[in-house]
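S.K.: Sequence and predicted structure are below.
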Amino acid sequence: MRWLAAVLLLAPVAAGAADCRDTSFEGASYTVCEVAAGEDLRLFHSGPEGAYGSFRKVDEALAAEGKALGFAMNAGMYHRDLSPVGLYVEDGVELSRIVTSDGPGNFGLLPNGVFCIGEGFRVIESRAFKKERPACRHATQSGPMLVIKGRLHPRFLAGSDSRYVRNGVGVSEDGRRAVFAISNDAVNFHAFARFFRDALGLPDALYFDGNISRLYAPGLGRHDGGFPMGPIVGTVVPKG
């Protein structure tokens, strides 16, 4: 199968970087980080002093517990005050309500969706999520959906000239793997969605953001900086 050949390219590129790898698809470069169900994957937004805004601030907060970030990326859109756009659940507490109406921008390009961290992982279309209300320890809403049960978002155009660095998450059919990806080259939505479906073989995937997309992957020597961000997703590991 076409996607299997691409997956074989996902070899670790540095010692200690078993979960984050560089690869390519149709001439574009990507970095992929895979998390298995049972790993300590969390969402982060605020501490006692307000929104963290950066990977460094999250890592400093975890250090007080004797822990550290294993990997992280921005995890959904946010307002100017860094508050989440749409549903946001952290440690079982809903901090922002789900939005199911259409609207401007990428978030409002329905269908959009929710990334849910529970016993396993799910990417669920937002209206289906609202109807089902699955149990999520952490959840973040974003949009648009990239892949929906094996189909690309119906509004994506293969020849679109809207190209940005983009990031998102896809989930395996059994919900046991969450695969986070960021493009290292500017790509359009159609190409980014096909990367999840055809290169990674994932039936459901959700867009997080573009242009401001950032990754923290110390095993690859990568710590992207930039403007303060809102929701952050990342693994928690013992501090070395």
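M.R.: Noted; the coordinates are in hand.
S.K.: Tell me where the model's unsure across this structure.
M.R.: The chain contains residues with pLDDT under 70 at 1-18.
S.K.: Which elements pack onto the lengthiest helix in it?
M.R.: In the chain, taking DSSP state H as the definition, the longest helix is helix 55-63. Packing partners of helix 55-63 (3 or more C-beta pairs under 8 Å, 6 or more residues apart in numbering; DSSP states H and E): strand 67-74, strand 232-238. (C-beta placed from N, C-alpha, C; glycine too.)
S.K.: what do you get if the cut-off is 10 Å, keeping everything else the same?
M.R.: If you count contacts as 3 or more C-beta pairs under 10 Å, 6 or more residues apart in numbering; DSSP states H and E, helix 55-63 packs onto strand 41-44, strand 46-47, strand 67-74, strand 215-217, strand 222-223, strand 232-238.
S.K.: Tell me the strands beside the helix or strand hosting Ala181, with direction?
M.R.: Assessed by DSSP states H and E, Ala181 sits inside strand 177-183. Strand pairing for strand 177-183, using DSSP bridges, gives strand 28-36 (antiparallel), strand 166-171 (antiparallel).
S.K.: deepest of those strands, which one?
M.R.: Compared across these, strand 166-171 shows the largest average neighbour count, a mean of 26 (mean count of other C-beta atoms under 10 Å).
S.K.: What angle do strand 232-238 and it make with each other?
M.R.: Strand 166-171 runs at 60 degrees relative to strand 232-238, counting by axes from the mean of the first three to the mean of the last three C-alpha atoms, to 10 degrees.
S.K.: tilt between strand 166-171 and strand 67-74?
M.R.: Here strand 166-171 runs at an angle of 110 degrees relative to strand 67-74 (the same axes, to 10 degrees).
S.K.: measure Ala128 to Ala186 for me?
M.R.: Separation of Ala128 from Ala186 (C-beta to C-beta, to the nearest Å): 31 Å.
S.K.: re earlier: which one, of the helices and strands packed on helix 55-63, ends up nearest to Ser162?
M.R.: The closest of those to Ser162 is strand 67-74. By C-beta to C-beta, the value is 19.1 Å.
S.K.: Next secondary structure element downstream of the closest one?
M.R.: Remark: after strand 67-74, the chain's next helix or strand is strand 88-90, criterion DSSP H and E.
S.K.: what's downstream of that next one, the next helix or strand?
M.R.: Downstream of strand 88-90, the first helix or strand assigned by DSSP H and E is strand 93-96.
S.K.: Number of residues surrounding Arg177?
M.R.: Arg177 has 17 neighbours, counted by other C-beta atoms under 10 Å.
S.K.: gap between it and Phe121?
M.R.: Arg177 sits 7 Å away from Phe121, going by C-beta to C-beta.
S.K.: Find residues that contact each of those two.
M.R.: Residues touching both Arg177 and Phe121 (C-beta atoms under 10 Å, 6 or more residues apart in numbering): Val35, Ala36, Ala37, Gly170, Val171.
S.K.: Looking at those, which is nearest Ser29?
M.R.: For those, the minimum distance to Ser29 (C-beta to C-beta) is 17.5 Å, reached by Gly170.
S.K.: quick one: contacts for the closest one?
M.R.: Gly170 touches 32, 34, 115, 121, 123, 146-147, 177-181, 193, 195-197, 200-206, counting by C-beta under 10 Å, 6+ apart.
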